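Participant: Structure here, sequence nowhere to be found:
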């Protein structure tokens, strides 16, 4: 029985050995395949890694777009600054050959006309009071426009160009009311470049304003700003009469800029720098320029006659205040120029205008009352004295007849005919 048992056991082992051999062979074949697959670079899909890559891609795209926007912004800013610089440089280069520095010497008695005093020994060279200003070339005949207050009373005048050429000049004529004067070079200069004239009627608040002159003696200096107001009415320093439609600018204007041009972005002169409003005597952001259209009227007369004659009405006045309307019982909402004083034997007096006959304090303010109120001239509405002065300056000449719409002090309404005279010098 023993042998039969061992034989049965051998038979029972054979299937197990066969299974083991089969498993080992299969493992030997599969293992290299697994190694090859692991090294092939084809990873098993991983949801977490795919999401990470997606986020990184979005972040990268957003960063790229942000960088692009920043770059575009920088390019736009650079382009804007470059454009502004180009405009400013073009204005300066265009106007520079036409702008001049003006140096004057005001002599004293016994001056021989050259700025020297031969009968008084050992006087310093600058014994005569000296001044300085600016100007610009008006035409190719050697005429230079500047301020009257720059050259008024000068014994000698020297005109200096940007190329350092210096020429003596004489004063052809001056007008204190507009503070304009014309010089003429005493010897011809080739290649004079008259400045390009603009139209001051087209000037708007907010537009570019450029001044070129000699502030504090620093010749051919350019400053810039904007037109900060138009339609100002000012008095020249040496005149009792007003200049209308003056241009106000915040472009820095200082002593030495007087007589120089105020330019627009095209390099055209729209005004002649004349005054500043300042407590310190230097720029405080309020500069004033005589409009070029006034110069277009005055300068040709100064060249031909040495003077300009304005029409003259012969009154002083002020805007009608609401308190005056109420006290004088004028029609509600009345606007106009209240006549305060009338020059004796002047055109207004001969035409029948009456000035104020009394004063009264209303709410702590003293007002002139009782005069005629001018509400229109030749069919144009008059809202205040500025409207009246502007119309007379721009549209009338001595000897012209005008028709005034008037509310008299007694409340009656009518029209008066006035023949204008010549403004006294």
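Facilitator: Arrived safely. Here the structure is a predicted model, which means the values were calculated and not measured.
Participant: CA atoms for contacts and neighbours, from now on please.
Facilitator: OK.
Participant: what's the longest strand in the protein?
Facilitator: strand 221-235 (DSSP state E).
Participant: Rounded mean pLDDT for that one, please.
Facilitator: For strand 221-235, the mean per-residue pLDDT is 95.
Participant: which residue ranges form the helices in this protein?
Facilitator: 2-39, 47-95, 148-151, 292-305, 322-327, 347-351, 385-395 (DSSP state H).
Participant: Distance from the third one to the middle of the chain?
Facilitator: Helix 148-151 has its C-alpha centroid displaced from the chain centroid by 23 Å (C-alpha atoms, centre = their mean, to the nearest Å).
Participant: just the last one next, same as before
Facilitator: Its chain's average C-alpha position is 24 Å from that of helix 385-395, according to C-alpha atoms, centre = their mean.
Participant: 363 is where my numbering starts, stick with that
Facilitator: Got it, the first residue is 363 from now on, which makes the last one we talked about helix 747-757.
Participant: what's that helix in contact with?
Facilitator: Identification of contacts with helix 747-757 by C-alpha atoms under 8 Å, 6 or more residues apart in numbering yields 595, 604, 606-607, 656, 672-674, 679-681, 698-700, 739, 744.
Participant: again, 6 Å this time
Facilitator: The list of residues contacting helix 747-757 from outside it, by C-alpha atoms under 6 Å, 6 or more residues apart in numbering, reads 606, 680, 681, 699.
Participant: Tell me which of those residues fall in strands.
Facilitator: Among the contacts of helix 747-757, the members found in strands (DSSP E) are 606, 680, 681, 699.
Participant: what's near enough to touch the last one?
Facilitator: Right, the one you point to is residue 699. Taking C-alpha under 6 Å, 6+ apart, we find residue 699 in contact with 680, 681, 682, 735, 736, 746, 747.
Participant: I'd like those as TSV, with pLDDT and distance to residue 529 appended.
Facilitator: Formatted as TSV, those follow (pLDDT from 0 to 100; distance: C-alpha to C-alpha, whole Å):
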residue	pLDDT	distance to residue 529
680	93	46
681	94	47
682	93	51
735	96	52
736	97	50
746	94	46
747	95	43
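Participant: what bridges to residue 559?
Facilitator: The partner list for residue 559 in beta bridges (DSSP bridges) reads residue 631.
Participant: Show me which of the ones in strands among the contacts of helix 747-757 is closest to residue 508.
Facilitator: Checking the ones in strands among the contacts of helix 747-757 against residue 508 by C-alpha to C-alpha gives residue 606 as the nearest, at 18.1 Å.
Participant: Spit out the contact partners of the closest residue in space to that closest one that isn't next to it in sequence.
Facilitator: Excluding its sequence neighbours, the residue lying closest to residue 606 (C-alpha to C-alpha, 6 or more residues apart in numbering) is residue 595, at 4.5 Å. When contacts are counted by C-alpha under 6 Å, 6+ apart, residue 595 touches 605, 606, 608.
Participant: State the number of residues packed around residue 564.
Facilitator: 7 (other C-alpha atoms under 10 Å).
Participant: Check the spacing between it and residue 632 real quick.
Facilitator: Separation of residue 564 from residue 632 (C-alpha to C-alpha, to the nearest Å): 9 Å.
Participant: and if you look at residue 528?
Facilitator: On the measure of C-alpha to C-alpha, residue 528 and residue 632 end up 26 Å apart.
Participant: who has more neighbours, these two?
Facilitator: More crowded of residue 528 and residue 632, by other C-alpha under 10 Å: residue 632, with 27 against 15.
Participant: which residues touch the more buried one?
Facilitator: Residue 632 makes contact with 560, 562, 624, 625, 654, according to C-alpha under 6 Å, 6+ apart.
Participant: returning to what we had before: let's have the contacts of residue 595 in TSV, adding neighbour count and distance to residue 543.
Facilitator: Below are the contacts of residue 595 laid out as TSV (neighbours: other C-alpha atoms under 10 Å; distance: C-alpha to C-alpha, whole Å):
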residue	neighbour count	distance to residue 543
605	22	15
606	25	17
608	24	17
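Participant: Which member of those is positioned nearest residue 618?
Facilitator: Distance to residue 618, by C-alpha to C-alpha, is smallest for residue 608 among those, at 19.2 Å.
Participant: Spit out the contact partners of that closest one.
Facilitator: Residue 608 makes contact with 593, 594, 595, 651, 652, 653, according to C-alpha under 6 Å, 6+ apart.
Participant: Now restrict those residues to buried residues only.
Facilitator: Neighbour-count burial (16 or more other C-alpha atoms under 10 Å) applied to the contacts of residue 608 gives 593, 594, 595, 651, 652, 653.
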